[in-house]
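J.: Structure for the following, please:
(2 chains)
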There are 2 protein chains.
Amino acid sequence: MTKVKKKELPIILITNDDSIYAPGIKALTEAVKDLGRVVVVAPDKPQSGMGHAITIGQPLRLQKISFLEGVEAYTSNGTPVDCVKLAVDKILHRKPDICLSGINHGANHSINVIYSGTMSAAMEAAIESIPSAGFSLLDFSMEADFSAAKNVTRKIAIQMLAKKKEKNLLLNVNIPAVPESLIKGIKVCRQANAKYEEDFIARTDPHGKMYYWLTGEFVNFDKGKDTDVWALQNHYVSVVPVEFDFTNYALKEKIEKWKF
Amino acid sequence: MTKVKKKELPIILITNDDSIYAPGIKALTEAVKDLGRVVVVAPDKPQSGMGHAITIGQPLRLQKISFLEGVEAYTSNGTPVDCVKLAVDKILHRKPDICLSGINHGANHSINVIYSGTMSAAMEAAIESIPSAGFSLLDFSMEADFSAAKNVTRKIAIQMLAKKKEKNLLLNVNIPAVPESLIKGIKVCRQANAKYEEDFIARTDPHGKMYYWLTGEFVNFDKGKDTDVWALQNHYVSVVPVEFDFTNYALKEKIEKWKF
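T.: Numbering: from 1, shown residues only, chains lettered A, B, ... in the order given. Just a heads-up that it's a prediction; the model follows:
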């Protein structure tokens, strides 16, 4: 039997928003590194909450670094979306077979999909026609246990490689922070209708001026059992397929009747 | 006849991503300031391309400033999305009747909706159940002629106030950069399937290190005459109703059959 040549392996691009130094991206890389040629391009500092930000008015840098054995890795001073753009255009010089983002430290279910740098990186890849997924573990701790999340990520990556011809493949995967033995399975869901009820904490600085810290309480308005929030509360891994044609077609029909 | 009390007027929240000092937000405010009590809360510096970024790790500031006569105005060091959150929670202490974002200097049609700070601010308000719209003029110049855009914005704002009970009302409005006499009308559209083919310009700094500037060519893959790109090319104002349940329901049905 002839040996499979390295260049025939699928290319797996890995990124995140917590920076290349976060345990989550190491866990993700370890989980899939034997499935293909893995290339990591990730921010050089945490970029949580960056959403789909891109860098227009500043130059971007790329720095090759040592990461895990057998894995090519770079950091960039840009946003998660910048990392994907740079990876395709300046490192790989082609589209990878799949793009995996994460594993994020903290939840990206429901409306969080739009604030999340993790999901924005995956969405950017999907816009580029690259099958993509963002992974998040519902544990903010830097000492979080990623063992269950690694197994989930690997299972989903294997399916994605098998189904990579599926058009507009973009998944938002969240993993409950419970021991693996308590995870009931992987559930395909819709985005829950939930949001943050904002509250800012107001403080006064030493110069007598007010400043505010964003905080807020998560509120789920959705009673459905087919949502990501329900799945996670019931110890399932949630997988939400994500759309990037944002047209609201139902509303379009109504607005067409408006008299401007 | 009794005089209408100021407090009975609808509250119109205005924001943008080009900063409070950009001509576009002044044009928008002038266009609608007699339609209600107008409150402006906008970034203190340009925030183009910020997408749905929020500020988590830094405190936020609010500064009351003079703007236009009869208009309460504030700047913030935060992103466009932060401005909307702060306005509702710390300035208005209630939801405004509508939120208008812009007028952006430059196009936000097609996939640009996800990179745009202008549209992210409008989307944030819509998530808060506030009828919202983002407005963009297809002219990057700081000396752009906003006269046609002002009339369009006013017409749409009047309709939005009349239809403010419509659920999940969120509009992406783009205005072609042509004299008003050449504008053929307002067209309700879907988001075109178009994107940027990325290219970075690579340069070497004085210390011998490479850096990259994001650039890219806009490519429209969509032949439809019902898209925002077609409308704008044909001198129509485009209005795309925007969705913020990002679930891809068609893909969901397929993924449910995957074997994990």
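
J.: Show me what the helix or strand A:T118 falls within is packed against.
T.: Using DSSP states H and E, A:T118 sits within helix A:117-127. Packed against helix A:117-127, as judged by 3 or more C-beta pairs under 8 Å, 6 or more residues apart in numbering or on different chains; DSSP states H and E, are the following elements: helix A:80-86, strand A:98-105, strand A:132-137, strand A:170-175. Placement of C-beta: from N, CA and C, glycine included.

J.: Is any residue of the helix or strand just after the third one near chain B?
T.: The element immediately downstream of strand A:132-137 (helix or strand, assigned by DSSP H and E) is helix A:147-162. Yes. Against chain B, helix A:147-162 shows contacts by C-beta under 8 Å from any C-beta of the partner chain at A:155-156, A:159.

J.: Give me the packing partners of helix A:147-162, helices and strands only.
T.: Partner elements for helix A:147-162 (3+ C-beta pairs under 8 Å, 6+ apart): helix A:23-32, strand A:98-105, strand A:132-137, strand A:170-175, strand A:185-188.

J.: Mind listing what's buried along it?
T.: For helix A:147-162, a neighbour-count test (16 or more other C-beta atoms under 10 Å in any protein chain shown) marks A:148-150, A:152-157, A:159-161 as buried.

J.: What lies in contact with that helix?
T.: For helix A:147-162, the surrounding residues in contact (C-beta atoms under 8 Å, 6 or more residues apart in numbering or on different chains) are A:10, A:12, A:24, A:27-28, A:30-32, A:35-36, A:97-98, A:100, A:102-103, A:131, A:133, A:135, A:137, A:169, A:171, A:173, A:175, A:178-180, A:183, A:186, A:237, A:239, B:258-260.

J.: buried subset of these?
T.: A:12, A:24, A:27-28, A:30-32, A:35-36, A:97-98, A:100, A:102-103, A:131, A:133, A:135, A:137, A:169, A:171, A:173, A:175, A:183, A:186, A:237, A:239, B:258.

J.: helices or strands next to the helix or strand of chain A with the lowest mean pLDDT in the packing?
T.: Least confident helix or strand, chain A: strand A:194-204 with a mean of 88, by mean pLDDT, DSSP states H and E. For strand A:194-204, the packing partners by 3+ C-beta pairs under 8 Å, 6+ apart come out as strand A:210-220, helix B:80-86.

J.: now stretch A:72-80: how far from the chain's centre is it?
T.: 15 Å (C-alpha atoms, centre = their mean, to the nearest Å).

J.: Can you get me the start-to-end distance on that stretch?
T.: For stretch A:72-80, the first-to-last residue distance is 17 Å (C-alpha to C-alpha, to the nearest Å).

J.: shaky segments in the stretch 1-150 of chain A?
T.: Where the stretch 1-150 of chain A drops to pLDDT under 70, the residues are A:1-7.

J.: Need the contact partners of stretch A:186-196.
T.: By C-beta under 8 Å, 6+ apart, stretch A:186-196 touches A:109-111, A:113, A:152, A:155-156, A:172, A:216-222, A:224, A:226-231, A:236-242, B:127-128, B:245-247, B:249, B:252, B:255-256, B:258, B:260.

J.: Tell me which of those fall in strands.
T.: A:172, A:216-220, A:236-241 (DSSP state E).

J.: And those residues, which of them are buried?
T.: The buried subset of the ones in strands among the contacts of stretch A:186-196 (16+ other C-beta under 10 Å) comprises A:172, A:220, A:236-241.

J.: tell me the least confident of those?
T.: Across those, the smallest pLDDT goes to A:N220, namely 94.

J.: That one contacts A:V229, correct?
T.: Yes. At 5.1 Å, A:N220 and A:V229 qualify as touching, with contact defined as C-beta atoms under 8 Å.

J.: Name the residues contacting each of those two.
T.: By C-beta under 8 Å, 6+ apart, the residues touching both A:N220 and A:V229 are A:110, A:192, A:194.

J.: Redo those as JSON lines? Include neighbour count and distance to A:T204.
T.: Below are those laid out as JSON lines (neighbours: other C-beta atoms under 10 Å in any protein chain shown; distance: C-beta to C-beta, whole Å):
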{"residue": "A:S110", "neighbour count": "29", "distance to A:T204": "34"}
{"residue": "A:A192", "neighbour count": "26", "distance to A:T204": "37"}
{"residue": "A:A194", "neighbour count": "17", "distance to A:T204": "33"}
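
J.: For the residue lying closest to A:G216 once chain neighbours are set aside, give the beta-bridge partners.
T.: Excluding the flanking residues, the one nearest A:G216 by C-beta to C-beta, 6 or more residues apart in numbering or on different chains is A:Y196, at 3.8 Å. Legend: beta-bridge partners of A:Y196 under DSSP bridges are A:F218.

J.: Could you measure from A:Y196 over to A:G49?
T.: 12 Å (C-beta to C-beta, to the nearest Å).

J.: How about A:S76?
T.: A:S76 is 18 Å from A:G49, by C-beta to C-beta.

J.: So if I had to pick from the two, which one is more boxed in?
T.: Taking other C-beta atoms under 10 Å in any protein chain shown, A:S76 and A:G49 do not tie; A:S76 has more neighbours (26 against 21).

J.: Go ahead and confirm the more buried one touches A:V84.
T.: No. Look at A:S76 against A:V84 with C-beta under 8 Å: they stay out of range, at 10.0 Å.

J.: who touches both of these two?
T.: Contacts common to A:S76 and A:V84, judged by C-beta under 8 Å, 6+ apart, are A:V41.

J.: Could you pull up the residues touching A:D199?
T.: A:215-217, B:89.

J.: Where is pLDDT lowest across the residues you listed?
T.: A:G216 (82).

J.: Counting neighbours, what do you get for the residue nearest to A:G216?
T.: Other residues within reach of A:Y196, judged by other C-beta under 10 Å, total 19.

J.: could I get the helices and strands packed on helix A:147-162 as a markdown table with distance to B:I65?
T.: Output for these, formatted as a markdown table (distance: least, C-beta to C-beta, whole Å):
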| stretch | distance to B:I65 |
| --- | --- |
| helix A:23-32 | 41 |
| strand A:98-105 | 37 |
| strand A:132-137 | 39 |
| strand A:170-175 | 39 |
| strand A:185-188 | 49 |
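
J.: What about the nearest residue to A:M142 once chain neighbours are set aside, how many residues nearby?
T.: Leaving aside its chain neighbours, A:M142 sits nearest to A:P23 (6.2 Å; criterion: C-beta to C-beta, 6+ apart). For A:P23, the count of nearby residues is 17 (other C-beta under 10 Å).

J.: ok, now A:R61?
T.: There are 17 residues near A:R61, going by other C-beta under 10 Å.

J.: what's the distance between it and A:N16?
T.: Where A:N16 is concerned, A:R61 sits at a distance of 18 Å (C-beta to C-beta).

J.: same deal with A:Q47?
T.: To A:N16, A:Q47 is 8 Å away according to C-beta to C-beta.

J.: what does the stretch 1-150 of chain A put close to chain B?
T.: A:46, A:48-57, A:59-62, A:81-82, A:85-86, A:88-90, A:111, A:113-115, A:120, A:123, A:127-128.

J.: So how do I select the buried members of those in ChimeraX?
T.: Remark: buried members of those, expressed as a ChimeraX selection using 16+ other C-beta under 10 Å:
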select /A:46,48,49,50,51,52,53,54,55,59,60,61,62,81,82,85,86,88,89,90,111,113,114,115,120,123,127,128
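
J.: Quick check: helices, which of the residues of the stretch 1-150 of chain A next to chain B are part of them?
T.: Those of the residues of the stretch 1-150 of chain A next to chain B mapping onto helices are A:81-82, A:85-86, A:120, A:123, A:127, per DSSP state H.

J.: on that earlier part again, between A:Q47 and A:N16, which contacts overlap?
T.: A:80, A:117.
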